[in-house]
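A.B. asks: fold the following and give me the result.
(2 chains)
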Amino acid sequence: MATAPSADFLAALHDYQPLVRRVCRLYCQDADDRQDLFQEIVLQLWRAWPRYVPQPDAKLSTWLYRIALNVAISNLRQRTRRPASVSVEDEAWHLAQPVENSAYEPEETAALYAAINRLSDVDKAFVLLYLEDRPYDEMADILGITQNNVRVKMHRVQEKLRKLLVHF
Amino acid sequence: MELDDLRRQWQRPEQVPPAITSADLQTLLRRQRGGLIEKMRRNTYWEAGVASALVVPTLVIFLAYNHGPLAILYAGSLALLTVLMAYYYYKVIRLLRRLAETTGSVRGHLERLYAGLRQLLRFYYRLTLATLPGALLLIYGFFVGKELVRPGGFRASLLAEVGVGLLLMGAVLQTAVVYGTRWWMQRLYGQHLDRLEGQLRELNDSPAPAGTAAS
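C.D. replies: A predicted model of the protein is given here:
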């Protein structure tokens, strides 16, 4: 590496590390894959950082989501079949700790995560941005499609999940 | 359970991961990446280095031990080949650098990757197909040059035989090169192109017209 990372990049990385980790969590079930993806995203963020220009009408998080999703979706590497060291169900159990006032059993949460795992990488992007509570206009901006297209695709993704949940 | 319910859990405060220090980041960034574009970049730099290490000394040694108009002609061909190779590697590295950009929208990024990868493969395929005919022409040119300077005179019949032999051998080899190259490129890159194409199709699916239940 030619230059040391700047203090503002490290600060931004610290603030948004949970965001990046949530992307990795959704896209990778295997702990090693998750760590690989995290490192790849951080590398791309570091490379793009010198060219980042804050805009008055755009958030840093939008820029980060774009890079993280671009890396996760177009991760053009040989997909090796490795037994997952952490299965989706185990992960879902970990995540589905009883929450105060939760009306749902951990099995239902595990089933939903398993169904999400069966979606395509593009559909997972919609799910991620929905779970992250991004408004449709920001989702459209990140994905590069129209808001109407986002609305339609979200509806289709939810339909797909309902069908998949029948099997779990 | 639906996504709306999961959203409430997803956004609950989670354990804050440890901060990444400058040293952590430096270690992380030194790690060799395994993505396709990165591998192609590394391979291209290696190829360019090896090609330069072979061609430049060859040119120098050739000129040192060979003199006369024919030697100058061959040296000129080698020099032209060197320039063409340098231009090729420059274009490939520049394209790969553009493909490695990840800051645009998801659709823009996928479109760029798909178009760029196809352009690169098309270029590589055409270059591979042109290499054998180019090499055979050089070989034939070598024989012609030898005959031109031969004290006993020009043997047209020998050149004709050499020409036919090279043509026949070239036809067989070129057929093998065409099918072999297509098979090899499909094996190496086909899955990636298919995946990108599928992802773009998913993103570009036209929505239902306004006024229907889906909108």
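A.B. asks: helices along chain B, start to end?
C.D. replies: Along chain B, counting by DSSP state H, helices occupy B:3-10, B:22-30, B:36-65, B:69-99, B:106-149, B:156-185, B:191-204.
A.B. asks: A:Glu40 contacts B:Glu38, doesn't it?
C.D. replies: No. When contacts are counted by CB atoms under 8 Å, A:Glu40 is not listed as touching B:Glu38 (9.2 Å). For the C-beta atoms, the positions are set from N, CA and C on the backbone; glycine is no exception.
A.B. asks: any low-confidence regions in the chain?
C.D. replies: Went with chain A since none was named. By pLDDT under 70, the low-scoring segments of chain A are A:1-5, A:76-105, A:168.
A.B. asks: if you could check chain B rather than the one you did, that'd help
C.D. replies: B:11-17, B:32-34, B:206-215.
A.B. asks: re earlier: any chance of the helices of chain B in TSV, with mean neighbour count too?
C.D. replies: As requested, the helices of chain B are exported to TSV (neighbours: other CB atoms under 10 Å in any protein chain shown):
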stretch	mean neighbour count
helix B:3-10	16
helix B:22-30	14
helix B:36-65	14
helix B:69-99	14
helix B:106-149	15
helix B:156-185	12
helix B:191-204	16
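A.B. asks: for these, give me CSV that also has distance to A:Asp141.
C.D. replies: Formatted as CSV, the helices of chain B follow (distance: least, CB to CB, whole Å):
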stretch, distance to A:Asp141
helix B:3-10, 20
helix B:22-30, 28
helix B:36-65, 24
helix B:69-99, 22
helix B:106-149, 10
helix B:156-185, 35
helix B:191-204, 14
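A.B. asks: quick one, what contacts A:Gly144?
C.D. replies: Going by CB atoms under 8 Å, 6 or more residues apart in numbering or on different chains, A:Gly144 touches B:Gly104, B:Ser105, B:Val106, B:Arg107, B:Gly108, B:His109, B:Leu203.
A.B. asks: hmm, back to that, what would the helices of chain B look like in JSON lines with distance to chain A?
C.D. replies: Formatted as JSON lines, the helices of chain B follow (distance: least, CB to the nearest CB, whole Å):
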{"stretch": "helix B:3-10", "distance to chain A": "4"}
{"stretch": "helix B:22-30", "distance to chain A": "5"}
{"stretch": "helix B:36-65", "distance to chain A": "4"}
{"stretch": "helix B:69-99", "distance to chain A": "9"}
{"stretch": "helix B:106-149", "distance to chain A": "3"}
{"stretch": "helix B:156-185", "distance to chain A": "15"}
{"stretch": "helix B:191-204", "distance to chain A": "4"}
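A.B. asks: for the residue nearest the centre of chain B, which non-adjacent residue is spatially closest?
C.D. replies: Geometric centre of chain B, nearest residue: B:Tyr124, 4.8 Å, by CA atoms, centre = their mean. Leaving aside its sequence neighbours, B:Tyr124 sits nearest to B:Met185 (CB to CB, 6 or more residues apart in numbering or on different chains; 7.4 Å).
A.B. asks: pretty sure the one you found is touching B:Leu121, no?
C.D. replies: Yes. Counting by CB under 8 Å, B:Leu121 is a contact partner of B:Met185 at 5.9 Å.
A.B. asks: just checking, B:Leu70 touches B:Arg150?
C.D. replies: No. Under the criterion of CB under 8 Å, B:Leu70 makes no contact with B:Arg150, lying 11.4 Å away.
A.B. asks: A:Arg51: neighbour count?
C.D. replies: 8 (other CB atoms under 10 Å in any protein chain shown).
A.B. asks: ok, now which ones touch it?
C.D. replies: Applying CB under 8 Å, 6+ apart to A:Arg51 gives the contacts B:Thr103.
A.B. asks: that one and B:Thr131, how far apart?
C.D. replies: Taking CB to CB, to the nearest Å as the measure, A:Arg51 falls 38 Å from B:Thr131.
A.B. asks: again with A:Cys28
C.D. replies: For A:Cys28 relative to B:Thr131 (CB to CB), the value is 41 Å.
A.B. asks: try A:Ala58
C.D. replies: Here the criterion is CB to CB. By it, A:Ala58 lies 48 Å from B:Thr131.
A.B. asks: and if you look at A:Trp63?
C.D. replies: 43 Å.
A.B. asks: go on, A:Val23?
C.D. replies: For A:Val23, the distance to B:Thr131 equals 43 Å [CB to CB].
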